[in-house]
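Novice: Generate a structure from the sequence data that follows.
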Amino acid sequence: MELFTVDEKLCNKDGICAMVCPVAVIQPPAGDKVPAPAANAEEACIRCGHCVAVCPTGALSHRDMPVETCPPIKKELSVSPEGIEQLVRSRRSIRVFRQGALDRADIERLINIARYAPSGHNTQPVRWLAVSEPEKVKEIASHVVGWCRALLETQPALAKSLHMDLVTMAWDFGYDAILRGAPALIAAIGETGNMMAPNACVIALTTMELAAPSLGLGTCWAGYFSNAARNWPPLQKALNLPPGHELHGAVMVGRPKFKYQRMPARNEPVIHWR
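Specialist: Sure thing, here's the model as predicted:
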């Protein structure tokens with residue numbers, strides 16, 4: 001079976017599928033012929049789906065991405081520039097969560113949205129670690145506190161510059177300043193040595209952050225946890241990541257206890273035009 005097929009009755013021979021192909025594996029239409037795979041198409045195609053997505057008549061269907069599995073864009077769901085600006089400006093880092101575990105279906109839906117985030121060469125290298133039980137999240141936070149205590153012993157200046165003395169003190173008084181009592185934790189991981197993975201993980205988590213409020217959820221980047229996961233063997237053992245994988249970022253997730261009403265100001269952008 002060919003890499004992609006074109007319905008000759010639907011194809012208007014405009015050639016835009018060939019023009020948008022990022023690796024140029026589509027031969028543009030010539031005369032009465034419809035677009036066809038180039039000689040190196042099988043090896044070079046990155047399965048991005050651009051060709052299927054751009055065809056205005058739905059004539060092109062990719063073997064690995066049939067046109068019927070790619071839903072059309074609904075214009076009525078389009079967001080205005082003002083709507084996008086409000087979405088970005090109203091995003092808040094949530095550190096006070098409601099009590100109670102999250103429904104796994106909500107976590108899965110959030111991850112399913114984030115998986116559509118872009119990745120270099122469409123490699124889609126992001127894998128996920130989801131901790132959905134509050135007690136397990138608390139146990140993970142305790143490992144991070146252990147790392148903070150160790151760093152206070154071995155590198156006190158560095159640890160104090162990161163407020164680890166205050167974090168451990170808060171923990172001793174019963175307050176979790178690490179994962180903020182969040183009911184869930186989602187981490188993005190990738191294969192060790194995969195050069196695409198670090199950026200792809202950060203982009204996917206950022207996408208997740210922006211999507212979370214639409215599901216009634218809030219997130220906050222888990223910086224202490226992410227650093228401990230890279231450097232503290234007891235936490236690494238507890239996480240038990242798949243062999244050959246490393247963590248590139250994480251967010252705590254839960255239902256915000258409070259609702260924000262306004263959008264705080266931020267610094268004006270510094271732009272160096274060329």
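Novice: by contact count, what packs against whichever helix or strand residue 169 is part of?
Specialist: Applying DSSP states H and E as the criterion places residue 169 in helix 164-172. Under the contact criterion of 3 or more Cβ pairs under 8 Å, 6 or more residues apart in numbering; DSSP states H and E, helix 164-172 touches helix 134-154. (Glycine included, C-beta is placed from N, CA and C.)
Novice: Residues contacting the helix it packs on, please?
Specialist: Residues outside helix 134-154 that contact it (Cβ atoms under 8 Å, 6 or more residues apart in numbering) are 100-101, 131, 158-160, 164-165, 167-168, 171, 176, 178-179, 181-185, 224-225, 227-228, 231-232, 234-235, 238-239, 252.
Novice: and with 7 Å instead?
Specialist: For helix 134-154, the surrounding residues in contact (Cβ atoms under 7 Å, 6 or more residues apart in numbering) are 101, 131, 158-159, 164-165, 167-168, 171, 176, 178-179, 182-185, 224-225, 228, 231-232, 234-235, 238.
Novice: before we move on, back to that, of all the residues in the helix holding residue 169, which ones are buried?
Specialist: Neighbour counts over helix 164-172 (16 or more other Cβ atoms under 10 Å) mark 164, 167, 168, 171 as buried.
Novice: burial count for the residue nearest to the last one when sequence neighbours are not counted?
Specialist: Spelled out, it's residue 171. Spatial nearest neighbour of residue 171, chain neighbours left out: residue 145 (4.9 Å); criterion: Cβ to Cβ, 6 or more residues apart in numbering. The local packing of residue 145 (other Cβ atoms under 10 Å) involves 21 other residues.
Novice: Tell me which stretches of the protein form strands.
Specialist: Assigned by DSSP state E, the chain shows strands spanning 4-6, 26-27, 36-37, 60-62, 127-131, 184-191, 218-221, 245-254.
Novice: Would you convert those strands into a markdown table that also reports mean pLDDT, mean neighbour count and distance to residue 51?
Specialist: Formatted as a markdown table, the strands of the chain follow (pLDDT from 0 to 100; neighbours: other Cβ atoms under 10 Å; distance: least, Cβ to Cβ, whole Å):
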| stretch | mean pLDDT | mean neighbour count | distance to residue 51 |
| --- | --- | --- | --- |
| strand 4-6 | 95 | 21 | 6 |
| strand 26-27 | 96 | 21 | 6 |
| strand 36-37 | 95 | 18 | 10 |
| strand 60-62 | 96 | 21 | 5 |
| strand 127-131 | 98 | 18 | 27 |
| strand 184-191 | 98 | 23 | 27 |
| strand 218-221 | 98 | 22 | 34 |
| strand 245-254 | 98 | 24 | 30 |
